[in-house]
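Engineer: Sequence and predicted model, in that order:
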Amino acid sequence: MSAVDAFVRGFAWFSIWYFVVLNTIYLFLIALAAFNAIGSSRRTTFSGLGEIFHSPLAPGISVVVPVRNMEDLIVGSTRGLLNLRYPRLEIIVVDDGSTDGTFWRLQDEFGLVEVEKVIRRELDMVGRVFSVHAPSSGERLLVIRKESMGRPADAVNTGVNAAQYPLICRIDADTYLDESALLSLAKPFVEDPVETIAAGATIRVANGCVIRGGRVVVPRVPGGWLPTVQAAEYLRAFLLGRAGWSQVRGMLFISGAFGLFRRDVYELVGGFHLYTEGDDLEMTTSIHHRLRDDRRRYRIAFVPEPCSWTIVPSRYKVLAHQRARWSQILSEALWIHKVMLFNPRYGGVGLVVLPFYLLFELIGAFVELLAVIVFILGWAVGILNPAVVLLFVAAGLGYATFLTIISVITEEITYHRYGSWRDFALLIYGAVAENFGFRQIYTWWRVRGVVDAILRRKATWLEAPAGTPDVTGPQPGEPATRAASRAGR
């Protein structure tokens, strides 16, 4: 047996066991999350959200929305946020150097006038603030115009410095919330105000949904290959994946699309770092790092109830950019916080969570890419027999498909947000298509992101939503002709 034959066969069996271990870990997390999801859905009727809404003790929330060049979405999105059910709420839109009509659309819709506003300097911010505006009607809205620094972190920190309430909600302008989303996300802070310092929520795909007034009124799974695959992928990643990590106090990601933080802890770690690529991941990892160093007990909660929807890329180029940057962000965060890796001082985060992401997300990208190459070439030249190749397909792709299908079925049993068999069939299709084509392409994007991090290439941020949801009826403040033309595209 030649050295090449020995390497191919040895690596083939290593790859098979690698996928078995990886997917079994995911199965364990999904089992934890599914058990919690079923229990959570049964408790929804008795969740006490009405009591929180009427309670004078409900902590105030400042919602910070960084925007740049989003004139087509900003009015409906802002109106939807203003109509959220929550007793003490302010919306802070930070216009980060838009060059389109974003600000003018807001001004026309809400009658904005310039106001005097003292913006604190608790958090670092670099871009110069041009002006601050508020509606003449007294609505709970503040619009800050500032110089763009190319990353949303500076805009978010500016908004937090202007905030008045003890809880900070960071949300993207292309995220749509259910009416009671803030009540659901604030509940862990009401139940345990001492230890709860942050909370994340399930994110679903808004593409294909019917949206009116900044609210998803008819959830629908989008058609097409890329959006449908992402719809199934998001279900597994958020509804069960991250929910599973939260059950073992291992929440590492609070998505920048929708997350809630206690402002004192937010300021303790310095807010979003201005000179790193990943604001949301870096923020959450910094919280773990700092509070573990201080020996403080804390809890990062996860709300499994479906309550937020985001637009996902529908074009290959934009999705490739997004996913490569995600990998670059993770690489950078693990390097910055490398002292936590395999360090018992940082508990489960240092011993389990961060090593998992290092071994299975970063290094795993290279393993998966090499595995695909080795199995294709090994089978083509006759080094690997068909039985070994089929075992690889079953352990890697078949097992992963099974996990995503379990996620889809769990969603159907617990929350049942999609109302037709068409939607269910599309999610099953997405669960299969993800592992037979999409996953292999995604592996290449992950490798590119790690290489970009090693070479210290600066990621460029997308200035506009990567896709547009279907909208039935005009948004508030939008002429009917404009809405109709957009819906017909």
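Structural biologist: Looks like it arrived, so ask away.
Engineer: Show me where the chain has its strands.
Structural biologist: Using DSSP state E, the strands assigned to the chain run over residues 61-67, 89-96, 112-114, 129-135, 141-146, 167-171, 175-177, 196-205, 210-212, 215-218, 258-262, 299-310.
Engineer: remind me which residues of the stretch 51-200 of the chain are low pLDDT?
Structural biologist: Within the stretch 51-200 of the chain, the set of residues satisfying pLDDT under 70 comprises 53-54.
Engineer: Nearest to residue 368, out of the strands of the chain?
Structural biologist: Closest approach to residue 368 among those (CB to CB): strand 196-205, 24.1 Å. Backbone N, C-alpha and C define where each C-beta goes, glycine included.
Engineer: so what does that closest one touch, helix or strand wise?
Structural biologist: Identification of packing neighbours for strand 196-205 by 3 or more CB pairs under 8 Å, 6 or more residues apart in numbering; DSSP states H and E yields helix 181-191, helix 225-234, strand 258-262, helix 279-293, strand 299-310.
Engineer: dump the residue contacts of the residue lying closest to residue 204 once chain neighbours are set aside.
Structural biologist: Counting by CB to CB, 6 or more residues apart in numbering, residue 309 is the residue found nearest to residue 204 once chain neighbours are left out, at 4.9 Å. Contacts here follow CB atoms under 8 Å, 6 or more residues apart in numbering; on that basis residue 309 touches 175-177, 203-206, 209, 216, 219.
Engineer: now the residues you listed in CSV, with neighbour count and distance to residue 123?
Structural biologist: Formatted as CSV, these follow (neighbours: other CB atoms under 10 Å; distance: CB to CB, whole Å):
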residue, neighbour count, distance to residue 123
175, 24, 22
176, 29, 27
177, 25, 24
203, 24, 25
204, 27, 30
205, 26, 31
206, 26, 30
209, 23, 34
216, 22, 32
219, 18, 36
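Engineer: between the helices and strands packed on strand 196-205, which one is nearest to residue 415?
Structural biologist: Closest among the helices and strands packed on strand 196-205, using CB to CB: strand 299-310, at 5.2 Å.
Engineer: Between helix 181-191 and that closest one, find me the angle.
Structural biologist: Compare the direction of strand 299-310 with that of helix 181-191 by axes from the mean of the first three to the mean of the last three CA atoms, to 10 degrees and you get 180 degrees.
Engineer: chain center to strand 299-310, what's the gap?
Structural biologist: Here the centre of strand 299-310 is set off from its chain's centre by 10 Å, with CA atoms, centre = their mean, to the nearest Å.
Engineer: And stretch 418-431, by the same measure?
Structural biologist: Relative to where its chain is centred, stretch 418-431 has its mean C-alpha point 22 Å off (CA atoms, centre = their mean).
Engineer: hmm, who's touching that stretch?
Structural biologist: Residues external to stretch 418-431 that are found in contact with it (CB under 8 Å, 6+ apart): 218-223, 228-233, 235-236, 401, 404-405, 407-408, 411-412.
Engineer: run the last query once more with 6 Å
Structural biologist: Defining contact as CB atoms under 6 Å, 6 or more residues apart in numbering, one finds that stretch 418-431 is touched by 219, 221, 228-229, 231-232, 401, 404-405, 408.
Engineer: got it, and stretch 254-262?
Structural biologist: Residues beyond stretch 254-262 that count as contacts (CB under 6 Å, 6+ apart) turn out to be 167-172, 175, 185, 197-201, 203, 280, 284, 308, 310.
Engineer: List only those of these flagged as buried.
Structural biologist: With neighbours counted by 16 or more other CB atoms under 10 Å, those contain buried members at 167-172, 175, 185, 197-201, 203, 280, 284, 308, 310.
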